[in-house]
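**Student:** attaching a predicted model along with its sequence, questions to come.
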Amino acid sequence: MSAKPVILTGDRPTGRLHLGHYVGSLMQRVQMQDDYRQYILIADLQALTDNGHNPDKVTQSVLEVMADYLAVGLDPEKTTFCLQSELPALPELTMYYMNWVTISRLERNPTVKAEIKQKGFERSLPAGFLTYPVSQAADITAFRAEYVPVGDDQLPMLEQTNEIVRKFNSLAGRDVLTECKPVLSKVSRLPGADGSAKMSKSLGNAIQLAASADEIKQSVMSMYTDPEHLRVEDPGKIEGNVVFTYLDAFHPDQDYVAELKAHYQRGGLGDMKCKRILNDCLQTMLEPIRARREEAMQDPAHLMAILKQGTEKAREVSGNVLADVKKAMGLDYFSKF
């Protein structure tokens, strides 16, 4: 077996991936696939926790997400892609783990609290949504993942995973499950084009990886900058200025970006020029991704074949972990006789 450490990451398929996904994890996954045994989980079951009323939205997005993965440079020869709903070990592990997590602990999870507020669930909260940190713990432990790329807003999820691991290992009297460590991205959270705290499909402020040249330009030209920068000659603020946040995240020449910032802050640099620079940057970066994505979507059978092959491999790996868990709990009845 390869000595490379195991890394697990994934996305909920609720639509096409956007620049927030790209800078937050996709770039990182491409860079890490040579040095890690990488599994990418398409978390369709977790996507249903807040889309149970509209399952078609989830099922129709699976191939869209697969096309995005290949378009950014993830290689099926180096990375294993798998589908959550086709891995029966995951819901069974989730059921076991829920016995060691209290409702009050789930309600205190900062990530869950923030998303409940954002989605306006209040007491209409689906039970599946409240317990999805446990499902995520099952995902991570089922692959014995040592590392999980996350934004800082997801750190409470990994903390809760490791709590479950420690509780179970203590119960078993030995290390059956593996604790994981976070791998933080360079840009933990990309703001929306409108200046909102987070880029999100649901908020309508995201730039899709598959966006057309016109859509990219329209989004950039409408971006939030410094509302007090009324004249070109006025000094401008870069703090909270979305254009400079995106230039920091995506422009290949950071020395040039530093010069732009200094110029903007002392005055004499207009918002439109900064936006044109950003537009050129994003157009250059996204054009080949868009072309590769369009090519991938021409052959959906090939996308599904890649996903099926990876899922079969992942089923074996997660099934072995489930067998170890059941044995540690004394639930391996048939193997005893």
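**Tutor:** On my side now, so go ahead.
**Student:** next up, the contacts around Glu294.
**Tutor:** Residues counted as contacts of Glu294 (C-beta atoms under 8 Å, 6 or more residues apart in numbering) are Ala210. Glycine gets a C-beta too; all of them are placed from N, C-alpha and C.
**Student:** what does the domain assignment say about the chain?
**Tutor:** 6-191+300-336, 213-294 (automatic domain parsing).
**Student:** Ala206: which of the ones you listed is closest?
**Tutor:** domain 6-191+300-336 (4.0 Å; C-beta to C-beta).
**Student:** any idea of the mean pLDDT in that closest one?
**Tutor:** Here domain 6-191+300-336 scores 91 as its mean pLDDT.
**Student:** ranges for the helices of the stretch 101-250 of the chain?
**Tutor:** 103-108, 110-119, 127-130, 132-142, 155-172, 213-221, 242-250 (DSSP state H, counting those that start in this stretch).
**Student:** buried ones in the first one, by neighbour count?
**Tutor:** Neighbour-count burial for helix 103-108, with 16 or more other C-beta atoms under 10 Å as criterion, is recorded at Leu106.
**Student:** which stretch among the helices of the stretch 101-250 of the chain is buried most, on average?
**Tutor:** helix 132-142 (a mean of 26; mean count of other C-beta atoms under 10 Å).
**Student:** same for it, what does it pack against?
**Tutor:** strand 6-11, helix 44-47, helix 89-97, helix 110-119, helix 155-172, helix 300-328 (3 or more C-beta pairs under 8 Å, 6 or more residues apart in numbering; DSSP states H and E).
**Student:** OK, contacts around Gly195?
**Tutor:** Going by C-beta under 8 Å, 6+ apart, the list of residues near Gly195 reads 223-224, 240, 242.
**Student:** that older thread, quick one, which of the helices of the stretch 101-250 of the chain gets closest to Ala296.
**Tutor:** helix 213-221 (19.1 Å).
**Student:** quick check: phi and psi on Gly192?
**Tutor:** The phi/psi pair for Gly192 (degrees, to the nearest 10) reads phi -70, psi 160.
**Student:** report pLDDT for the closest residue to it other than its chain neighbours.
**Tutor:** Leaving aside its sequence neighbours, Gly192 sits nearest to Asn205 (C-beta to C-beta, 6 or more residues apart in numbering; 3.0 Å). You'll see Asn205 listed with a pLDDT of 80.
**Student:** wait, doesn't Asn205 sit right on Met223?
**Tutor:** No - between Asn205 and Met223 there is no contact under C-beta atoms under 8 Å: 9.7 Å.
**Student:** in TSV: the helices and strands packed on helix 132-142, plus distance to Arg292.
**Tutor:** As requested, those are exported to TSV (distance: least, C-beta to C-beta, whole Å):
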stretch	distance to Arg292
strand 6-11	18
helix 44-47	23
helix 89-97	30
helix 110-119	32
helix 155-172	31
helix 300-328	12
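**Student:** wait, which of these is closest to Glu77?
**Tutor:** Across those, closest to Glu77 is helix 300-328 (C-beta to C-beta), at 10.1 Å.
**Student:** columns distance to Leu48 on top of the helices of the stretch 101-250 of the chain, output as JSON lines?
**Tutor:** JSON lines is the format used below for these (distance: least, C-beta to C-beta, whole Å):
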{"stretch": "helix 103-108", "distance to Leu48": "18"}
{"stretch": "helix 110-119", "distance to Leu48": "14"}
{"stretch": "helix 127-130", "distance to Leu48": "7"}
{"stretch": "helix 132-142", "distance to Leu48": "10"}
{"stretch": "helix 155-172", "distance to Leu48": "18"}
{"stretch": "helix 213-221", "distance to Leu48": "29"}
{"stretch": "helix 242-250", "distance to Leu48": "31"}
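**Student:** ok so, going back, nearest to Tyr256, of the helices and strands packed on helix 132-142?
**Tutor:** Comparison of those against Tyr256 by C-beta to C-beta identifies strand 6-11 as nearest, at 31.1 Å.
**Student:** can you say which of the domains of the chain is packed in most?
**Tutor:** Across those, averaging neighbours per residue (mean count of other C-beta under 10 Å) puts domain 6-191+300-336 on top, at a mean of 18.
**Student:** centre of the chain to that domain, how far?
**Tutor:** Distance of domain 6-191+300-336 from its chain centroid, counting by C-alpha atoms, centre = their mean, to the nearest Å, is 10 Å.
**Student:** any idea how far Ala145 is from Leu125?
**Tutor:** 28 Å (C-beta to C-beta, to the nearest Å).
**Student:** right, and the domains of the chain - which one's nearest Met199?
**Tutor:** Among the domains of the chain, the nearest to Met199 by C-beta to C-beta is domain 6-191+300-336 (3.7 Å).
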